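Student: Here's my sequence, what's the structure:
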Amino acid sequence: MIKRKIFWWLFMALLLLAVVLIASNNQGYVLIVRPPYRLQFSFNFLLILIVLGFLLLHYFLRFVHFLRFLPANRRNKQEAQRLKASNDWLLEGMHALAEGDFESAETAINHAHDLIQNADHEKLLAALALEKNKQGFLFK
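Tutor: Take a look at the predicted model:
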């Protein structure tokens, strides 16, 4: 793993060095003629504009993708929070049952049951699968 990181750092440093050497010896220019206008600038500036335009387009499309899936992500998060809350109530009920406090165990189980009954089971399972996938992706 460390060898791969060192390789990529060296590769990027060499690539940057090559770009600087090529750009410093470049005397070219770009001429755009659109009557009655004439636009002239250096080739290096054109390369910088192309790279910046690509990055701007890339991050704009990522932002649009984020906004597009924001409602679904919010729903999944709410379902996951509801599932976690019902699991907490179930755990509290099991602790109360083990201690012999049947009234608080019954109320905790009723709260958990209400949370589960209010949730759509398919959405709940989808949220659980999403959380498992996220956790599995993070801990690989």
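Student: could you pull out the strands for the protein?
Tutor: With DSSP state E, the ranges of strands along the chain come out as 29-34, 37-42.
Student: Now render those as CSV, adding distance to M1, mean pLDDT and mean neighbour count.
Tutor: C-beta here means a position set from N, CA and C on the backbone, and glycine is covered the same way. Compiled in CSV, those are given as follows (distance: least, CB to CB, whole Å; pLDDT from 0 to 100; neighbours: other CB atoms under 10 Å):
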stretch, distance to M1, mean pLDDT, mean neighbour count
strand 29-34, 43, 92, 10
strand 37-42, 41, 92, 10
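Student: Could I get these in a markdown table, plus columns for distance to I48?
Tutor: Shown next, in a markdown table, are those (distance: least, CB to CB, whole Å):
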| stretch | distance to I48 |
| --- | --- |
| strand 29-34 | 12 |
| strand 37-42 | 9 |
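Student: Tell me the pLDDT of the residue in the chain sticking out farthest from the centre.
Tutor: Distance from the C-alpha centroid of the chain peaks at P36, with 47.4 Å (CA atoms, centre = their mean). At P36, the model reports a pLDDT of 92.
Student: Could you report the neighbour count for L83?
Tutor: A count of nearby residues for L83, using other CB atoms under 10 Å, gives 19.
Student: same thing with the one 4 residues further on?
Tutor: Close neighbours of N87, defined as other CB under 10 Å, add up to 13.
Student: The nearest residue to V30 once chain neighbours are set aside: neighbour count?
Tutor: In space, V30 comes closest to L46 once its chain neighbours are excluded; the distance is 4.9 Å by CB to CB, 6 or more residues apart in numbering. If you count neighbours by other CB under 10 Å, L46 ends up with 14.
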